[in-house]
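# model this:
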Amino acid sequence: MYVSYNIAKNGRHLFATAERQTFDITAGLEDELRRAFPASEGYSISRHSRPSEFTSTAIEN
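Numbers count the residues shown, from 1 in each chain. The predicted model follows:
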């Protein structure tokens with residue numbers, strides 16, 4: 001799966017991470033983001049994800 005995160009404060013976009021492939025680090029990372037950007041201070045965090053797709057095509061030579 002590929003994920004990226006968007007961080008906003010008071011409804012205004014602050015920054016987004018680059019899309020990266022994840023291997024079971026999402027839960028720990030999201031805990032860290034919640035601590036760094038608390039909702040009580042007006043921050044919101046959104047995750048965008050898409051499944052990994054692997055395609056293999058034989059090339060005849």
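# show me what the lowest-mean-pLDDT helix or strand in the chain is packed up against.
Taking mean pLDDT, DSSP states H and E as the measure, the chain has strand 20-21 as its least confident helix or strand, at a mean of 84. Contacts defined by 3 or more Cβ pairs under 8 Å, 6 or more residues apart in numbering; DSSP states H and E place strand 20-21 against strand 2-9. Where you see a C-beta, it was placed from the backbone N, CA and C, and this is true even at glycine.
# same thing but at 6 Å, please
Where contact means 3 or more Cβ pairs under 6 Å, 6 or more residues apart in numbering; DSSP states H and E, strand 20-21 is not packed against any helix or strand.
# paired strands for it, with orientation please.
strand 2-9 (antiparallel) (DSSP bridges).
# let me see the mean pLDDT of the following helix or strand past the strand it pairs with.
The element immediately downstream of strand 2-9 (helix or strand, assigned by DSSP states H and E) is strand 12-16. Average pLDDT, strand 12-16: 96.
# just for this structure, where's the confidence low?
Low-confidence segments of the chain (pLDDT under 70): 23-26, 54-58.
# and the nearest residue to residue 46 once chain neighbours are set aside, how close does it get to residue 49?
Nearest non-adjacent residue to residue 46, counting by Cβ to Cβ, 6 or more residues apart in numbering: residue 6, 4.7 Å away. According to Cβ to Cβ, to the nearest Å, residue 6 stands 12 Å off from residue 49.
# gap between the nearest residue to residue 5 once chain neighbours are set aside and residue 35?
The shortest distance from residue 5 to any non-neighbouring residue, by Cβ to Cβ, 6+ apart, is to residue 17 (4.7 Å). Separation of residue 17 from residue 35 (Cβ to Cβ): 16 Å.
# more neighbours: which of these two?
Between residue 17 and residue 35, residue 17 has the larger neighbour count (other Cβ atoms under 10 Å), namely 14 against 8.
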